[in-house]
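K.L.:
this one's sequence-less:
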DNA sequence: TGGCTCTTTGGCCATATCGCCAACTAGGCA
DNA sequence: TGCCTAGTTGGCGATATGGCCAAAGAGCCA
């Protein structure tokens, strides 16, 4: 792995890392249904608004969501719909793992 | 987000988290071409063998790779080929972000 | 301007991650 | 058995992450 290749994988990892948190996954799923303001997401996630705001900035910095201020509210939207296909795959891993554990238990 | 839903997103996040590291992404990419033993991956990654072994156990615990001992070597293989589609999407984010930055620079 | 709501940022602490070294285990072979 | 290579595990220090509270911005309206 040379320097160029390493830089490439670091970029990718940064994006995936941004998705690697339950609250952020939930937010992406929710934004897939349409734009939401921070206060709406805060209620749904059930955490402090500052925490949710930080999660949103992580997603924004990774290029996954976009933000738009309208009067006093900031609305976030999903920039990358193809991520949704990925979740199907992740779900497949979840199910496969669950099956293995069931099998292991007899 | 109720307890059931939260557990669901935690499972997904655990899998995504396992992918959220440059070396582990590289390993997954490499395993997509065929199985590799730890020593081969160690050479390619260019880190300590203990470090690579730990990365592999992270991927294994997430259900992403499988391991098989053959004599003194342990071969790892990819269990979830659909992840490769995901990388295409991640790459799209990388490129979109790069374009934005170029545009921002004029 | 002051006051209000919505949102972001800074600070702090607890916890998790990463990478190396060192020690240990597994299997092959003389 | 002893010795070798391949791999895993434990431990340590450095660094990053996640959550809350408190404080600061941003925009509206009186």
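P.N.:
Looks like it arrived, so ask away. Since this is a predicted model, take the numbers as computed values, not measurements.

K.L.:
could you check the distance from residue A:18 over to residue A:69?
P.N.:
21 Å (C-beta to C-beta, to the nearest Å). (Each C-beta comes from the backbone N, C-alpha and C, glycine too.)

K.L.:
Look at the two and report which has more neighbours.
P.N.:
residue A:18 (23 against 9; other C-beta atoms under 10 Å in any protein chain shown).

K.L.:
Who are the contact partners of that one?
P.N.:
A:24, A:58, A:59, A:61, A:62, A:64 (C-beta atoms under 8 Å, 6 or more residues apart in numbering or on different chains).

K.L.:
Sketch out the strands for chain A, chain order is fine.
P.N.:
Taking DSSP state E to define them, one finds strands in chain A at A:36-37, A:65-70, A:73-78.

K.L.:
can you put those strands in CSV and add distance to residue A:4?
P.N.:
Output for the strands of chain A, formatted as CSV (distance: least, C-beta to C-beta, whole Å):
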stretch, distance to residue A:4
strand A:36-37, 38
strand A:65-70, 28
strand A:73-78, 30
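
K.L.:
DNA strand D contacts on chain A?
P.N.:
A:17, A:20-21, A:23, A:47-48, A:50-51, A:54-55, A:58, A:69, A:71-72 (C-beta under 7 Å from any atom of the strand).

K.L.:
So which of those residues are in helices?
P.N.:
Per DSSP state H, helices hold the following members of the residues of chain A next to DNA strand D: A:17, A:23, A:50, A:51, A:54, A:55, A:58.

K.L.:
is it true that the last one touches residue A:23?
P.N.:
No - with contacts defined as C-beta atoms under 8 Å, residue A:58 does not count as touching residue A:23, sitting 10.0 Å away.

K.L.:
Apart from its chain neighbours, what residue comes closest to residue A:5?
P.N.:
Excluding the flanking residues, the one nearest residue A:5 by C-beta to C-beta, 6 or more residues apart in numbering or on different chains is residue B:26, at 7.5 Å.

K.L.:
ok, now residue A:78?
P.N.:
Distances taken as C-beta to C-beta, 6+ apart put residue A:31 closest to residue A:78, at 4.2 Å, once the chain neighbours are dropped.

K.L.:
just residue A:73 next, same as before
P.N.:
Here the residue nearest residue A:73, using C-beta to C-beta, 6+ apart, is residue A:37, at 4.3 Å.

K.L.:
Thanks a lot, see you next time.
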